[in-house]
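Novice: build me a model:
(chains A, B, C and D)
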There are 2 protein chains.
Amino acid sequence: MNDSGGNGEKKRSRRPSAERTAQRDPERTRAAILDAATREFAENGMGGARVDAIAERAGTNKRMLYHYFGDKEQLYLRVLEEAYVGIRTAERALHIGDRSPEEGIGELALFTWRYFLQHPEFLSLLGTENMHRARWLRQSVRLKELHSHLIGELSDVLERGKKQGVFIETADPLHVYLTIASLGYFYLSNQYTLSTIFGRDLIEPTHLNAWERHIVHVTLTSIKR
Amino acid sequence: MNDSGGNGEKKRSRRPSAERTAQRDPERTRAAILDAATREFAENGMGGARVDAIAERAGTNKRMLYHYFGDKEQLYLRVLEEAYVGIRTAERALHIGDRSPEEGIGELALFTWRYFLQHPEFLSLLGTENMHRARWLRQSVRLKELHSHLIGELSDVLERGKKQGVFIETADPLHVYLTIASLGYFYLSNQYTLSTIFGRDLIEPTHLNAWERHIVHVTLTSIKR
DNA sequence: CGAGCCGGTAACTAAACAGTTACTTGATGG
DNA sequence: CCATCAAGTAACTGTTTAGTTACCGGCTCG
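Specialist: Model prediction:
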């Protein structure tokens, strides 16, 4: 991780005047910038995010930001890539093929909903990127292989379900995933306008639980024979 | 509308030198600004939209924009309000209660999908507003009554379906509407990232038609007994 | 030990931005 | 035919912004 390697613990100076300057830690600074940028881009979008605000949130300054990430656009793309890596990595750990087809799909629906719920910044980043017609994501070279695994595994589960006669023949893996993602994404990312216009606080635990059950119900009834 | 009222049609000058300066038309200028602002805000969000760009798109200048709308925030709220009025007005014309319960719900699903498809700027504005946690929509005084009609009419249709034994007893009007809106919104507003990561062009007519049928199918199977 | 490198700071710059002001033009009514 | 007023123009202002530059200080290795 750290190039200057070895005994990284002994760096602390004993001089009392040095207490404001924390020990140097490139990895931590880099991670802090990425984390701060994730929050800033999620809250304000690519256009609305401020480089100064990111530096301040990270407890550092612009010089370091440009040093580690080049410029605002490259930093944004990094944030977006990391967000995708996050969800796809967690998804793989599910192993939805280890259960019965019905349980596997239900599990994926539950996982997706809960991941969205715990990672509002991911939803927001997707929204921003789509407003810009995937301008930056399209340039990404890292994200070609990442998503095929999901569709492949989902496809296997559906095939098994069809052979067992529990799923309809027309069930399509991409459609099933889009259904699950739609129901989670819209409810959460649009909760503020929806709560306002319909006068119901959608983020309340009661409603949240009801919608979780609804997602699983809708997904399964739409593909069950 | 126009304070100086009366005979607004006879204003045209016959002087040939006046051809570059179009006739004065406050209503048209106002509408042009609102239209230009809708596109600019939809494409760039509240933070990313540029007042100069709006004026240029409208074929006018900032002075007129500030004259008619006050400032950028008030203009943005106006755009948002008009967008909501647009969809809710079109929805009312449907009269989903005039058909059988099943047909009524199917009709609402089809309408919503097609409206979203034809008004991408509406979806984008919702996205922007939600990123800001409905900061401006909450301030709107015009939009309290607008949405209750939809839920009321939907509720009636569901009740009728339950009495006829075609719908399950647990079907909830808000859930049904959220299901329909989710499936349309996510597919369209996230089409760019989805097409990129899954390598399938979702805006192609074949896929569009398949998803339209899917929405109706999912909505109805989720509430049918 | 001291040269140089690396993590980090802060002040700066050129451009872009929202909002304003001084002005022009042309229609209208007395 | 001129005083008035509203529609419209364009240049300006103070502030904010992305990106840069000059500098600091401590660690490490020759």
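
Novice: which elements pack onto the longest helix anywhere in chain A?
Specialist: Looking across chain A with DSSP state H, the single longest helix is helix A:26-48. Packed against helix A:26-48 by the contact rule (3 or more C-beta pairs under 8 Å, 6 or more residues apart in numbering or on different chains; DSSP states H and E) you find helix A:51-57, helix A:62-69, helix A:72-92, helix A:120-131, helix B:26-48, helix B:120-131. Glycine gets a C-beta too; all of them are placed from N, C-alpha and C.

Novice: any residue of that helix up close to DNA strand D?
Specialist: No: figure legend: helix A:26-48 not in contact with DNA strand D (C-beta under 7 Å from any atom of the strand); closest approach 8.3 Å.

Novice: list the buried ones in that helix?
Specialist: Neighbour counts over helix A:26-48 (16 or more other C-beta atoms under 10 Å in any protein chain shown) mark A:29-30, A:32-48 as buried.

Novice: and stretch A:131-151, by the same measure?
Specialist: So stretch A:131-151, judged by 16+ other C-beta under 10 Å, has buried residues A:131, A:132, A:134, A:136, A:137, A:140, A:143, A:146, A:147, A:150, A:151.

Novice: how about the nearest residue to the second one, chain neighbours excluded?
Specialist: Put plainly, it is residue A:132. The shortest distance from residue A:132 to any non-neighbouring residue, by C-beta to C-beta, 6 or more residues apart in numbering or on different chains, is to residue A:46 (6.4 Å).

Novice: and residue A:208, how many neighbours?
Specialist: 15 (other C-beta atoms under 10 Å in any protein chain shown).

Novice: just the residues contacting the helix or strand where it lies, thanks.
Specialist: Using DSSP states H and E, residue A:208 falls within helix A:205-223. Residues outside helix A:205-223 that contact it (C-beta atoms under 8 Å, 6 or more residues apart in numbering or on different chains): A:102, A:105-106, A:109-110, A:113-114, A:117, A:158, A:161, A:167-168, A:171, A:176, A:179-180, A:183-184, A:187, A:200-202, B:175, B:178-179, B:217-218, B:221-222.

Novice: list only buried entries from these.
Specialist: Buried residues within the contacts of helix A:205-223, counting neighbours by 16+ other C-beta under 10 Å: A:102, A:105-106, A:109-110, A:113, A:117, A:158, A:161, A:167, A:171, A:176, A:179-180, A:183-184, A:187, A:202, B:175, B:178-179, B:217-218, B:222.

Novice: assign residue A:134 to helix, strand or coil.
Specialist: Three-state call for residue A:134 (DSSP: H, G, I helix; E, B strand; the rest coil): coil.

Novice: ok, and the closest non-adjacent residue to it?
Specialist: Once flanking residues are discounted, residue A:134 sits nearest to residue B:192: 3.6 Å by C-beta to C-beta, 6+ apart.

Novice: hmm, residue A:126 and the one you found touching each other?
Specialist: No: the criterion here is C-beta atoms under 8 Å, and residue B:192 misses it with residue A:126 at 9.7 Å.

Novice: circling back: show me how far the helix or strand that the residue nearest to residue A:134 is a member of is from its chain's centre.
Specialist: Residue B:192 belongs to helix B:191-198 when elements are defined using DSSP H and E. Relative to the mean C-alpha coordinate of its chain, helix B:191-198 is positioned 23 Å out (C-alpha atoms, centre = their mean, to the nearest Å).

Novice: and it, what other elements does it pack with?
Specialist: The elements that helix B:191-198 packs onto, with contact taken as 3+ C-beta pairs under 8 Å, 6+ apart, are helix A:120-131.

Novice: can you name the next helix or strand after the helix it packs on?
Specialist: For helix A:120-131, the succeeding helix or strand toward the C-terminus, using DSSP H and E, is helix A:148-163.

Novice: what angle do helix A:72-92 and that following helix make with each other?
Specialist: 30 degrees (axes from the mean of the first three to the mean of the last three C-alpha atoms, to 10 degrees).

Novice: returning to what we had before: ok now the helix holding residue A:208, how far from the chain's centre?
Specialist: Its chain's C-alpha centre and that of helix A:205-223 lie 21 Å apart, by C-alpha atoms, centre = their mean.

Novice: show me where chain A dips below the pLDDT cut-off.
Specialist: A:1-24 (pLDDT under 70).

Novice: could you chop it up by domain?
Specialist: In terms of domains, chain A is parsed into A:24-70, A:74-223 (source: automatic domain parsing).

Novice: part of a strand, is residue A:60?
Specialist: No: read with three-state DSSP, residue A:60 is coil and lies in no strand.

Novice: against DNA strand C, how distant is the closest residue to it other than its chain neighbours?
Specialist: Once flanking residues are discounted, residue A:60 sits nearest to residue A:29: 5.6 Å by C-beta to C-beta, 6+ apart. From residue A:29 over to DNA strand C the distance is 4 Å, taken as C-beta to the nearest atom of the strand, to the nearest Å.
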